[in-house]
Structure formats: C-alpha cells, structure tokens
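Visitor: Only the shape, not the letters, is given here:
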C-alpha cells in the first residue's frame, strides 16, 4: 500500500474497527440506499488525508460505515470522474482503502444512457463487459504482475446471483456492455452511432477505473447501471440534468431492493 493510502487508513481507523466485507459505490441520484443502512459512522471525504473530494453538485462526498442486510458495509456516497480533473489514480484511491478494510465484494452503480434500442429509461443493466474510451488506466505504474485477476471483472457467480435475485424480486434487468467516455459533455449523434456499432449497449462516464483496480486487488466486482436517458441518434432529445436525476430516482427503488437482497446472499 502506498504511504498516502496508509495515512488515510490510519485516520479512518481512529473512528471504525472490524472488517467490512462489502463495498458500495453510489452513483448519480442513487443515494436512497443510504436510508437502508444502519449507520455506525460517517466521514466527509474532505476530512480524510489524501482522499479526493467530489466536485459534482449532486454527489454528497461521504464515506459511510454500517450494516446492510446483516453485513458490515462501506458505502461511498458520491464518486469521482476524469472530467473533474482527477487522474485514474485519484479516482481509485478509495478502492485501496476498501481492500485494506477487508472488502471482498464491491457493487458499483452508475447512471448511463441507452444505446441498445431494446433498452429504456429507468431500467437496470448488469455490466458483463466494457469498452474503455478513457484511453487511460489506473493500472499504469502499478508494479504490474502477469497474474492479473481479470476473472474478478464481471465475475460470473456474482452476475448469476444478481440475475437470480432480480428474478426472485420481480425486477426486470438487462445484461450488457458499458462504454465509458471522458465527458463531461454528452455524446453527439455520430458518437452514439459509433459506440453502438462497436458493441456498446449503454454509455457513461465512470465505473471502469474502479472496476479495473478492484479486480487487480482481488475484489469481486459487480457493476449495475441505471439507464437515465436514451442515446438513439434518430430520435435524440436534449438530456437535461434534472431529467437524468428524476429517471435515476424512479429506478432507484429497484436498485435498492436488488442491492439489499443481493448483499444478504453474498
């Protein structure tokens, strides 16, 4: 662990104790899960040495410790993006802390736009592969070894379990490919067409840096996308932030139910 991670961990350890087996990263408009957590402690990002601070207005910037579905969990309420000026190293800083605190399973949520014409706003999608248009990676200069735990990305057991939990709880869910772009601007019609032709089902601006580093650290990771707008070139409408957040809030109840019941079975 890098010295800067150790300093942050030492600070956090003054307030919490024990192992936390599950980590959750909450994306745009997805903060409702916090209401289900039996919170033992909350730390503002800006109170933790070296920890990045979210600059997006609707990302709260809190590290939450507590219990959900009987399991010790850490939740990030608010995340970081390349378009905020952060590097992939900054974005993935919290994942190193998660690993040191005992996290074995990580659930990452995000908001995204649909590219697949069979997908609709407010639906959920499990990520089973990705296309990285960040053209960068947090694995650079990582003392990389060739025993990379790539099977932790899109772990088939986790995907199958999430599908099963969705079916049991009558939650309609897709599986598909997530393309990540730098942002913060939304895509043009030509870019939507290109991404779809390349095999992407949805497009967003986050998630892949965290997923790459968690896999490297041996943390099983599940990505869940909420579809908040539709990037269909021939019927494209302006995607206003208010509408994106409202769509996320509509879908949130299904994401909360899925996450609660999934954690019970981890």
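Guide: Alright, I've got the coordinates. Values in this document were obtained by computation on a predicted structure and should not be read as measured data.

Visitor: Show me the helices in the protein, by range?
Guide: Assigned by DSSP state H, the chain shows helices spanning 3-12, 88-91, 93-100, 156-168, 189-197, 208-216, 241-265.

Visitor: Which residues does the residue nearest the centre of the chain form beta bridges with?
Guide: For the chain, the residue nearest the mean C-alpha position is residue 108 (2.7 Å; CA atoms, centre = their mean). Counting by DSSP bridges, residue 108 is bridged to residue 25, residue 223.

Visitor: That one is in contact with residue 221, isn't it?
Guide: Yes. In this structure, residue 108 is within contact of residue 221 by CB atoms under 8 Å, at 6.5 Å. Glycine gets a C-beta too; all of them are placed from N, C-alpha and C.

Visitor: one step back: could you look over the helices of the chain and pick the most buried one?
Guide: Neighbour counts (mean count of other CB atoms under 10 Å) averaged over each of these peak at helix 208-216, with a mean of 25.

Visitor: For it, name the packing helices and strands.
Guide: helix 88-91, helix 93-100, strand 105-114, strand 124-132, strand 220-230 (3 or more CB pairs under 8 Å, 6 or more residues apart in numbering; DSSP states H and E).

Visitor: make it 6 Å
Guide: helix 93-100 (3 or more CB pairs under 6 Å, 6 or more residues apart in numbering; DSSP states H and E).

Visitor: neighbouring contacts of the helix it packs on?
Guide: 5, 8-9, 23, 52, 76, 210, 213-214, 217 (CB atoms under 6 Å, 6 or more residues apart in numbering).

Visitor: pLDDT below threshold where in the stretch 1-150 of the chain?
Guide: Applying pLDDT under 70 to the stretch 1-150 of the chain flags residues 1, 28-30, 56-59, 142-150.

Visitor: Try it again at 50.
Guide: Flagging of the stretch 1-150 of the chain using pLDDT under 50 yields the residue ranges 146.

Visitor: about what we covered before: redo the helices of the chain as a markdown table? Include distance to residue 70.
Guide: As requested, these are exported to a markdown table (distance: least, CB to CB, whole Å):
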| stretch | distance to residue 70 |
| --- | --- |
| helix 3-12 | 22 |
| helix 88-91 | 30 |
| helix 93-100 | 19 |
| helix 156-168 | 15 |
| helix 189-197 | 40 |
| helix 208-216 | 23 |
| helix 241-265 | 7 |
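
Visitor: What residues of stretch 114-128 count as buried?
Guide: Buried positions in stretch 114-128, judged by neighbour count with 16 or more other CB atoms under 10 Å: 114-116, 119, 121, 123-128.

Visitor: of all these, which two lie farthest apart?
Guide: Spatially, the most separated pair among the buried residues of stretch 114-128 is 121 and 128, at 20.6 Å (CB to CB).
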